[in-house]
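Participant: build me a model:
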Amino acid sequence: MSLTILKVDSSARSEGSISRALTKHFVDAVKARRSDTKVISRDVAVDLPVVNESWISANFTDADEHKAALALSDTLIGELRAADAVVIGVPIYNFAIPAALKAWVDLVCRARETFRYTEAGQEGLLTGKKAYLIVTSGGVPVDSEVDLATRYMRHVLGVIGLNDVTVINAGEQLFKAEEVLKAAHDLIEETVEALRQTA
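Facilitator: Next comes the predicted model:
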């Protein structure tokens, strides 16, 4: 059985982005171990709209005339459904995630599609997948109290059913870039080998 990976990049930088380089390294490492790997690449920093009033109206009606407003959301959700594993580059901007990544989150977190409400609370519908957050920052320590990005991404992924989340720390680049990048590469290699063995 082949392995499908959804790679999500969100950095505003198309060149010289550490998060983009690390998501690429992750995917290349998987492909080097498994020739049957399929990759879906989604760059959310390119032309991804924010949720607006017409989108919200369309999401809460079954009328055919509103389906076009949800077409991109349907495509993004389809990419998540097709993936066995999701690799997300998460650069920390002002202690949180980039606006482009938030736009993606808003488009894929849809009641009745990726989660549902029950008497016991929200239930994620995209279960059985692994998620990998490659978190980069200039000065913010990853998983610290001022890192709102990692905490938020763990939560929203859990809402839609992705509870098996591994964080790859590539933070504090301004202070210890060489050390952090080596540790991130080493963890990616360990993580990918574990993924190969369990897939």
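Participant: list of residues touching stretch 7-24?
Facilitator: With contacts defined as C-beta atoms under 8 Å, 6 or more residues apart in numbering, stretch 7-24 is touched by 26-27, 39-45, 86-91, 93, 97-98, 100-101, 104, 134-136, 168, 170, 173, 181, 184-185, 188. Every residue, glycine included, has its C-beta placed from N, CA and C.
Participant: just the buried members of those?
Facilitator: Buried by 16 or more other C-beta atoms under 10 Å: 26-27, 39, 42-45, 86-91, 93, 97-98, 100-101, 104, 134-136, 168, 170, 173, 181, 184-185, 188, out of the contacts of stretch 7-24.
Participant: return the distance of the nearest residue to residue 183 once chain neighbours are set aside relative to residue 191.
Facilitator: On the basis of C-beta to C-beta, 6 or more residues apart in numbering, the spatially nearest residue to residue 183 that is not a chain neighbour turns out to be residue 169, at 7.0 Å. Per C-beta to C-beta, to the nearest Å, residue 169 is found 12 Å from residue 191.
Participant: can you show me the strands along the chain?
Facilitator: 3-9, 37-43, 85-91, 115-118, 121-124, 130-136, 164-170 (DSSP state E).
Participant: what would the ones you listed look like in CSV with mean pLDDT?
Facilitator: CSV is the format used below for the strands of the chain (pLDDT from 0 to 100):
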stretch, mean pLDDT
strand 3-9, 97
strand 37-43, 97
strand 85-91, 98
strand 115-118, 94
strand 121-124, 93
strand 130-136, 98
strand 164-170, 98
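Participant: using a markdown table, lay out the ones you listed together with distance to residue 21.
Facilitator: Output for the strands of the chain, formatted as a markdown table (distance: least, C-beta to C-beta, whole Å):
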| stretch | distance to residue 21 |
| --- | --- |
| strand 3-9 | 10 |
| strand 37-43 | 14 |
| strand 85-91 | 9 |
| strand 115-118 | 32 |
| strand 121-124 | 30 |
| strand 130-136 | 9 |
| strand 164-170 | 9 |
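Participant: for the closest residue to residue 107 other than its chain neighbours, give me its contacts.
Facilitator: In space, and not counting its chain neighbours, residue 107 is closest to residue 73: 4.5 Å by C-beta to C-beta, 6+ apart. Residue 73 sits next to 55, 59, 107, 108, 110 when contact means C-beta under 8 Å, 6+ apart.
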